Every structure is written in C-alpha cells, then in structure tokens.
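> make a model of this:
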Amino acid sequence: MTGAPGFLEFFILEASEYVEQLDALLLGGSATGPDAESVQRTARALRGTATMARLPAFAELAGAVERVGRAMQEGVLAWNPALGGALTAAIDDLKTLLRSVRGWSPADEQRATTRSAELQHYAPVRAARAPVDRTAPTPSGTPAPFLATEAANIAAGVELMTTRAGDPDTVGNVLQRVRALRGVAGVKEIVPLSDVLEAIEESSRGLETGHEALTAEGRQLLEAAAGYLRELATALRSGSDLNTSSATRDAFITAHTVWSLRDSEHDTVVPITSLFYTDGQSGVVEASPHPPTSLSERLRLEMVSLSEHLRQVLDAARTAEDAAALSRVRRDLRRALRAMQLAAESFGELELAHLIERQSASADPTDHSSLATLAALATVASEPPEPGVSLESRLRHLIAGTAAKPAATTRPAAPTAPAAVPTAPAVPAIGSLIDSSLAALESFTAQPFARPTPIPETTVVPIESLLYRGRAALDRAIEVSDVLRRAAPGSDAAALAELFDLLELARAD
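Residues are numbered from 1 along each chain as shown. Predicted coordinates for the structure are as follows:
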C-alpha cells in the first residue's frame, strides 16, 4: 500500500484537514448526533483523496464513515451511544493510520480492515459486486478491470475537486489521471467513457490554471460526470452494455448540454485591423504591392477547412440514433458553426456571421431538411467565389431556396442515404478548389510576404547526445536524490520529475 511520493505528501496534508473536520463534527454534535450531511461530504472527500493516492485500505475506512453519514442523513440509521463510540474509534484510527502511511505495515492493514467491518455492521454496503472474468477485454482490446479501476479512481478525484474547487493542485492531479486514461489505446472507441472524460477535462481547464472559478453549471457537470463514471466502471466490471439508458446518463447529458450553452468569450476572434490606432493610418509596416491573395480569398481558404469539418459532423448526425449520440452531435454542430461564425467576424463579414449564427440556432440533427441546409452551406462556403457575388448573398439565396422546398421534419425509422444537396455537383467544385488553392500557394514563391533571410549552416547535433544515458544518467540520478534528501518534503517537484526521467533514460540504455 504505497502511493507516489509527491502525491503521498499531498495526501497527508489534505487528509489531515479532513480528519480534523470529522473530529470537530463529532465533538460539536448534539444529542441526536453530528450533522450527517457534513459527515458524509467530508468523509467522501477523504475517500476521494485516499483513492487518488492509491491507498485502498484507508479509502475503505473513509468510505465506511461516509456510508454512516449517508444512512443517518437518509433516516435509516438513528444516532445512539454505540454508534457514537464506533464512529469516534474510527476517527481515532484514521488519525493513527495517517501517521503510518509512509511505512504501512500488516498491522495497520488489519486495523483499517477491522474498523471498516465494525462500521459496516451499522451501514452495510448497498450492493455486492458480482464475480467477473478479470481477463475479459473490452471491445478496444484494453482489459476491462483496468479501465473500471481507473474510471472509479477518477470519479473519486472529481468528487474531491468539487469539494476543493479552489485548489489547482487537486485539479491538476485529477486532470493528469484523466489525460493519461484518454491516451490509452482504444479508449476513444468506448464512446460513453470518452465523452465523460472529455467533458471533465474541458470543464476543468480553467480551474487548473486558476483563471476561472467553479460555476454552478460546472459543478453540476462534474458531479453528474462523477456519478456516470461510477456507473460505467460498474458496467465495465460486469461486462454490461455501456450504452444502456439510465437516469445517471440522462443527468450527465443534461448537465453537459447546459454547460455547453454557457456564454464564453475566451474563443472570440478579433480582426487584426481593430488593433491599429484610429488615426487614419493603415497600421501596416510594409505592405506588399502585389499581395498573393485578397481578403476574400483568405476568408474562402479559411472556410474550406471549416466546411470540411462541418461535413464530417453532418455524416455523424445522419447515423446518430440514441440520445447520447444525438447530444454529442448537437454539441459538435454548434461548435463547427460557431467556428465558421467567428471566422466570418474576424474578416469583418458581419452579415455572413449573423446568417451562420441563425443557422446554428435552428440546427437539428433529427431534421433532414436542417441537415440538407447545413450540407449546402458547407458546399457553397468552400466553392470558388463568383465574380461580383459575395459569399453571404450566395448563402442567403441558397438557404431561402432550400427552405422553400418541402422536406420531412422527422428522422425515418430506417437509415436512409444522405439527403441530396440542392447545389452543383461536389466533384467539379472540389477539383477547382484544389487548383485554386495550389495556385495561391505557388504564388508565394514568386512574391513572398517578406524577403528571405539566409540562415548560416551549422553542425547538426543529434538530440541523443544532449541526454543523459546509462551510467551517466544513474550518476545524475544519485545527485538529484541527495538534493531531495536535504530538501523539505514536497518542496522540489521539478527535481523529483527530473529523477524519474533520469531513471527512465538509464533503463532505456
């Protein structure tokens, strides 16, 4: 029972505060017992930090205290002297065990197990886990027990994040675990697990840097994500269907949708001309007499990649059937159209931006006429411009013509072929688009934006020669170890990270 050295020190500081809070709750309780809701919340945070530090016996005892608090809050367990004595003994044991985590012994393991069993007599575990095949892999090929354990650990960490939302170290440790799991081969194929991990990371980036506070929508999303992760972990252990509809999944989808609709200004793109002085001068240091592309051409080139991404989202929309897939498609549609809108605004095309914004507000992945309109928008936005006709007027005319045609408003029962786009064939448009793009790139050779700067030739040094290897890495690791021994605990995370890297380099030689 050992955790990572750096996180173990963090755990000791974190857990000490939670144990002291539990002790204060017991001492300050009334004749009917302490505040059950506070006991449950504090013990849950203690269990979360112990789970993240890979201290299972400690986490099990904290979970037993949490179950007692929950049972008292729900009214199924009444306070009495015997329960008070058992809970007081459990808190005292938590204090003792906290002093032993650096050198855990079988006696400490037995102490935690015995005390957990005593509390389980008052508040038993609600459901026993069914025996499963520990070697059974998921469809992605990754062992299911590994994914289940990691999902449960991250869920505990997310619960800890909501308790201590202002602590960037806690958020950083949880997100490090989330990113590591997202990087495991095959996790992206497990769509529900991938979605909830992505939602946790997206909603916590601002908390990690300290630039944002935890909003009500963010807290609701994190709490729903933690509950859904635990449900997915149970399904992974038992081999159940991960796409089964449930109240927990619906709560996560709802919270994710609400969070996605929040007003955000961090992704706003501003035209570079808005950064110049308003003194009538151009603000350009050196203007090219023959620019290779015009402003409208650069806008079209930007729209080409954005339109291709929109087509990919529309392809996914045509095959989405269940609620989770439809919710994901709605978010992706909104993001794709939002990117096109911001691109138009950054080039000063406000009417075009407003037109795309209106399409985003009415986008419906279950409506074939809506999908056909968006597909037509993607095609026209990526086609070569017509002389004297703006992109905004072409799109407005196209959308008006598409809306005038009758179309089914609901998805048919059986999958059908993608709706035909009421525009010119796509193949000629793509061919001419490629030709014009290549011509624009070739023009940079004859008329570059700036004069080429000669770079003197230098001797190329292999990067391997700059790294410690073999014996040299071990010698450097010993030096870093001596520095860490003299330093205060947890005071030099950079040196600890360097030590781990040196050991990896020594092993690789």
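> from here on, contacts and neighbour counts on C-alpha atoms
Fine.
> so what's the most centrally placed residue in the chain closest to, chain neighbours aside?
Most central in the chain under Cα atoms, centre = their mean is residue 201, positioned 2.2 Å from the mean C-alpha point. Ranked by Cα to Cα, 6 or more residues apart in numbering and with sequence neighbours excluded, the top spatial neighbour of residue 201 is residue 175, at 6.4 Å.
> do residue 327 as well
The shortest distance from residue 327 to any non-neighbouring residue, by Cα to Cα, 6+ apart, is to residue 253 (6.9 Å).
> quick check: the one you found vs residue 223, distance?
Note on residue 253: its distance to residue 223, by Cα to Cα, to the nearest Å, is 12 Å.
> please, where are all the helices along the stretch 51-200 of the chain?
For the stretch 51-200 of the chain, helices defined by DSSP state H, counting those that start in this stretch occupy the ranges 56-73, 81-98, 106-122, 144-163, 168-182, 191-209.
> relative to helix 81-98, how tilted is the third one?
Going back to what we said before, that points to helix 106-122. Inter-element angle recorded for helix 106-122 and helix 81-98: 150 degrees (by axes from the mean of the first three to the mean of the last three Cα atoms, to 10 degrees).
> hmm, who's touching helix 106-122?
Applying Cα atoms under 8 Å, 6 or more residues apart in numbering, the external contacts of helix 106-122 come out as 57-58, 60-61, 64-65, 68, 77, 83, 86-87, 89-90, 93, 97, 100.
> cool, and the first one?
Outside of helix 56-73, the residues within contact range by Cα under 8 Å, 6+ apart are 1, 36-44, 46-48, 50-51, 77-79, 87, 90, 94, 97, 109, 112-113, 115-116, 119-120, 122-125.
> of those residues, buried ones?
A residue is treated as buried here by neighbour count (16 or more other Cα atoms under 10 Å); on that basis the buried members of these are 36-44, 46-48, 50-51, 87, 90, 94, 97, 112, 115-116, 119-120, 122-124.
> coming back round to it: so how far is residue 371 from the residue nearest to residue 327?
Relative to residue 371, and taking Cα to Cα, residue 253 is found at 22 Å.
> same deal with residue 178?
Computed as Cα to Cα, the residue 178 to residue 371 distance reads 34 Å.
> same question, residue 240
The spacing between residue 240 and residue 371, counted by Cα to Cα, is 34 Å.
> and the helix or strand encompassing residue 50, what does it pack against?
Taking DSSP states H and E as the definition, residue 50 sits inside helix 36-52. The criterion is 3 or more Cα pairs under 8 Å, 6 or more residues apart in numbering; DSSP states H and E, and the helices and strands that helix 36-52 contacts are helix 5-27, helix 56-73, helix 144-163.
> can you put the ones you listed in CSV and add mean pLDDT?
Conversion of these to CSV gives the following (pLDDT from 0 to 100):
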stretch, mean pLDDT
helix 5-27, 80
helix 56-73, 89
helix 144-163, 82
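> of all the ones you listed, which lies closest to residue 482?
Nearest of these to residue 482, taken as Cα to Cα: helix 5-27 at 15.5 Å.
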